[in-house]
Structures are given as structure tokens and as C-alpha cells.
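*Asks:* Okay, here's the prediction I keep looking at, along with the sequence it came from:
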2 protein chains.
Amino acid sequence: MADRSPNNSVNLLIGYFEKMLPLTEEEKELVASRFQPRLYRKRQFILQEGDVCNVVSFVVSGCLRLYKVDQAGATHIIQFAMENWWVSDMGSFYSRKPSEMSIDAIEDSTVLQIKHDDLLDLYTKAPKFDRLFRVLVERSLVGMQERLLQTISSDATVRYEFFLKQYPDLANRIPNTYIASFLGITPEFLSKIRNKRVLR
Amino acid sequence: MADRSPNNSVNLLIGYFEKMLPLTEEEKELVASRFQPRLYRKRQFILQEGDVCNVVSFVVSGCLRLYKVDQAGATHIIQFAMENWWVSDMGSFYSRKPSEMSIDAIEDSTVLQIKHDDLLDLYTKAPKFDRLFRVLVERSLVGMQERLLQTISSDATVRYEFFLKQYPDLANRIPNTYIASFLGITPEFLSKIRNKRVLR
DNA sequence: AAATAGCCTTAAACTAGATTAAGGGTCCGG
DNA sequence: CCGGACCCTTAATCTAGTTTAAGGCTATTT
């Protein structure tokens, strides 16, 4: 009998953790009991500006975006989160203060979520998750550093080429306006870059 | 008898940790035995591009910079590290691959350093440090995200004002060329911004 | 005491990228 | 099957920030 239960996706997450560090049965059960699967429709909010971010989400399928809308009304995408990525506004999540950012679904997406108190509980009940999340956050930090470096040291054309290399499939999955907003340029200018690219 | 031993600075670090989480005597001794104090003179390298980053440094006094020199020869400062800050190239540190970045001292600086293998050892001997460093890295990530957001959504004038608010004393301690390189603009343009500011 | 090397500033010419505006395509929902 | 909401593109004009060049000011080295 194949496992078609709702817990299906939790097994995916357990497999993900075990690629890093093997878990005991109790730890697996802890994960299964604390992470809730949830479906978000395209354009649905996971986190809305002004609310306190109360969950960390692991993307099982689909794609989310973490972004901020500035005073002028322009949106700036900080991070895309696809299959096997994590998202949340960690600043708001830990400080328990209203977020200045938003998270929404770019495609219909399935995620596994853990609430703030449950995560803290997970950490104390099973310190292995302190290590697991330390490593995950370290990886995020390295990625974020690279992105910052790119942003301050390369022009838009180089940044776009790099984006295409780093997320080859994403370019065909999401609108160019989102890519522009991620790269920190206008859709019009991205269009110009793409046009030059084809001619070459 | 006042403690004027070389271990003096380690007590500072232990105090720093205990503000987050109390340590047992064994844990304190572990810290004292694994962290080495070291003095760097102004302009001396802590990490040089092409080398594997083998230490994490905690700044006791002075100021360091983490930066990258691009193909055109321009330097881009990713992070300043002053008293009570941490620096390293975490990407290189964990992957054990040559770093594309450099770290050097802006002022004569005292740091406490832990080597790669000693840190891994510290994590396994005292899992509390998994949590401690998880929290530290989370804070870094939040800061890095804010900085990225600033960089892609605000113009240079706003970024400079923000820098002055966030590091009020630093502005008087380091050359403006460094600030420009941190903000991602030329020293000439920073000079223009500063000039406009005074007139207002 | 001179000399060299940083560092800061000013100003003119230039460029990457923004803004504004307009037209056309496609995918829904009613 | 039609109307609107998105989305992509092209082109003209504009601007924030770069480049190049030059001059002066301090501090450190010789």
C-alpha cells in the first residue's frame, strides 16, 4: 500500500533533514507532529506586511517570493523559494515585531510550516535541530552575501546572466517583471538586456 | 590580584556568550582553550584572497573589513567588524575552498580566533554552541537581508544617512573611501553627497 | 626638510539605467 | 466570446552616479 496520506510531504522533509544528519524515531515523530502541510493558491499571501511572521515555511512544490514594497510603491524581491527552500522573515519571526516584508505564492504551492513556539519547542526537545538549522542558516547567509556582492559589484547584464545560470528553470516559470524586481532593475530595462542577448 | 593575563580577552568573550545563554564551567574552559587571542596591525591581512579561510574571528578591539576586489580592481566592502562583531568567509570556511574575499585590519585590532577543526570539535563536545552560533548566524542573516534591501531599494544619499545612523562612531574612525566602497559608490560621489549635506 | 603616498574635493564629460508613454499579445473570468 | 487585467516590448527623454583629471592637505617615511 503506497503512502498517499497527507503525511506524505512530511516524509519528504524528513528525508531532506536526513541527508544532513540521521534522525532518531522520536525526532522524526517530532518533525511529523510539528510541521503542518498547507496549500497556497497563486497570489495568496503567506505573510502580509504589518503582521508578525509566525511561521517558517519549507517549500514542497511551487514557488514563493519574499519581497518588500517601498514608499514609492515599487516591489523589491529579496528571495525566491522553490522546492526544498525555506522562507520566512526571520527578523520578525524572532523579534515578534510586525514585518516590513511580505511573502506570497507565485504559483500554486504546497509548503510545510512550523509555528514559532513549536520551533522553539523543537529546539529544546531535540537539540539536533539547533545544529541542523545552524547549518541551514549558514548556507542562507553565504548565499545572501554572494547576492549582495553581485548587486554592488556587477552591472545588470552580468547579474541577469548569473541569474539564468543559477536558476535555469525559474526563468521559464515566472514573469519577467519578477526577475526584474529581483535584479533591482525595471522591466523595461530587462527587456532591453534580453533583446541585446538574442542578437548576439 | 587583577586579571592581567592574556586570558583577559577570553573572559570578554565568555561574558558575551553568557549574555545569550549561561555556560557551565566545562564550557567556559572549552572556550578558553579553543579561542586564541591575536593582534593584527593596521593593513595586516587576516585572510587573503586565494587562501582557505581557516578561522572565525571575534573582534575584541579595533576594526576589520571583509571585502572583495573585482576584475576591474575595485574593492567592495561587504562588512565592517568592530568590537563584539564576528568575521570570516563562511563559504570558504565550511567548504574548505579558496576564498574570493579578503579580510584585513583597518585599525590595530585584537581578535579571538577559533580554527575550523576546533570549532567543529566545540560543537560536538558542547552542543550548546550549536544553538549559540545558530542565533548569531540568524542575526547576521537578518542584518545582511536589510543591507541587501537597502542597496536595491534606496539611492546613495539615503544609504549614506542610514549608514551614519547605524554606525555613528565609525564615520569618524575610518577613511571616506572605505565608506564609499561599503555603500557601493565612488569616493567622488560620496564627497558630493557630503557637500550637499553640510549646506542643508 | 624633503619626498612620497594616502586621502579629500571640485568640476566637466559621459553612461547605465529610470521614467514616461504607447501599442500589442494573451490569458482568464463573466 | 468579449472585456479587462497582466505582461512584454520599443523608443524618446532624463538623471543618478561614473570617469577622468587636477589640485591641495596631512601624515608618514627617508
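*Replies:* It's in. Here the structure is a predicted model, which means the values were calculated and not measured.
*Asks:* Tell me the secondary structure at the residue nearest to A:Val10 when sequence neighbours are not counted.
*Replies:* Leaving aside its sequence neighbours, A:Val10 sits nearest to A:Ala32 (Cβ to Cβ, 6 or more residues apart in numbering or on different chains; 4.9 Å). Where C-beta positions appear, they are placed from N, C-alpha and C, glycine not excepted. Of the three states, A:Ala32 takes helix according to DSSP: H, G, I helix; E, B strand; the rest coil.
*Asks:* Could I get the pLDDT score of A:Ala32?
*Replies:* In this model, A:Ala32 is scored at 96, pLDDT.
*Asks:* how near is A:Pro22 to A:Met90?
*Replies:* Separation of A:Pro22 from A:Met90 (Cβ to Cβ, to the nearest Å) stands at 26 Å.
*Asks:* For the most centrally placed residue in chain A, give me its contacts.
*Replies:* For chain A, A:Ala81 is the residue whose C-alpha lies nearest the centre (Cα atoms, centre = their mean; 3.0 Å). By Cβ atoms under 8 Å, 6 or more residues apart in numbering or on different chains, the residues touching A:Ala81 are A:Ser57, A:Val59, A:Cys63, A:Leu64, A:Arg65, A:Leu66, A:Val87.
*Asks:* in the sheet, who's paired with it?
*Replies:* A:Leu64 (DSSP bridges).
*Asks:* so where's chain A uncertain?
*Replies:* Applying pLDDT under 70 to chain A flags the ranges A:1-7, A:198-200.
*Asks:* quick one: the strands in it?
*Replies:* Counting by DSSP state E, one finds strands in chain A at the ranges A:36-40, A:45-47, A:55-61, A:64-69, A:75-81, A:86-87, A:102-105, A:109-115.
*Asks:* what about those strands, which gets the closest to DNA strand C?
*Replies:* DNA strand C lies closest, by Cβ to the nearest atom of the strand, to one member of the strands of chain A: strand A:75-81, at 10.7 Å.
*Asks:* If we only consider the contacts of A:Ala81, which is nearest to B:Arg159?
*Replies:* When the contacts of A:Ala81 are ranked by distance to B:Arg159 (Cβ to Cβ), A:Leu66 comes first, at 20.9 Å.
*Asks:* Need the nearest residue in space to the closest one, chain neighbours excluded.
*Replies:* With Cβ to Cβ, 6+ apart, the residue lying closest to A:Leu66 is A:Gln79, at 4.5 Å.
*Asks:* okay, now the one you found: neighbour count?
*Replies:* The number of residues packed near A:Gln79 is 20, by other Cβ atoms under 10 Å in any protein chain shown.
*Asks:* Pretty sure A:Val142 sits against B:Ser88.
*Replies:* No: checked against Cβ atoms under 8 Å, the pair A:Val142 and B:Ser88 is beyond contact range at 10.8 Å.
*Asks:* out of those two, which sits in the busier spot?
*Replies:* Taking other Cβ under 10 Å, A:Val142 and B:Ser88 do not tie; B:Ser88 has more neighbours (25 against 20).
*Asks:* Now do the same contact list for that one.
*Replies:* Counting by Cβ under 8 Å, 6+ apart, B:Ser88 has contacts B:Leu47, B:Cys53, B:Val55, B:Val56, B:Ser57, B:Ile103.
*Asks:* does the longest helix out of those in chain A come close to DNA strand D?
*Replies:* If you go by DSSP state H, chain A has its longest helix at helix A:128-153. No: figure legend: helix A:128-153 not in contact with DNA strand D (Cβ under 7 Å from any atom of the strand); closest approach 9.2 Å.
*Asks:* Show me what that helix is packed against.
*Replies:* Packing partners of helix A:128-153 (3 or more Cβ pairs under 8 Å, 6 or more residues apart in numbering or on different chains; DSSP states H and E): helix A:116-125, helix A:156-166, strand B:75-81, helix B:90-95, helix B:128-153.
*Asks:* touching DNA strand C at all, it?
*Replies:* No: using Cβ under 7 Å from any atom of the strand, helix A:128-153 stays clear of DNA strand C, with a minimum separation of 10.0 Å.
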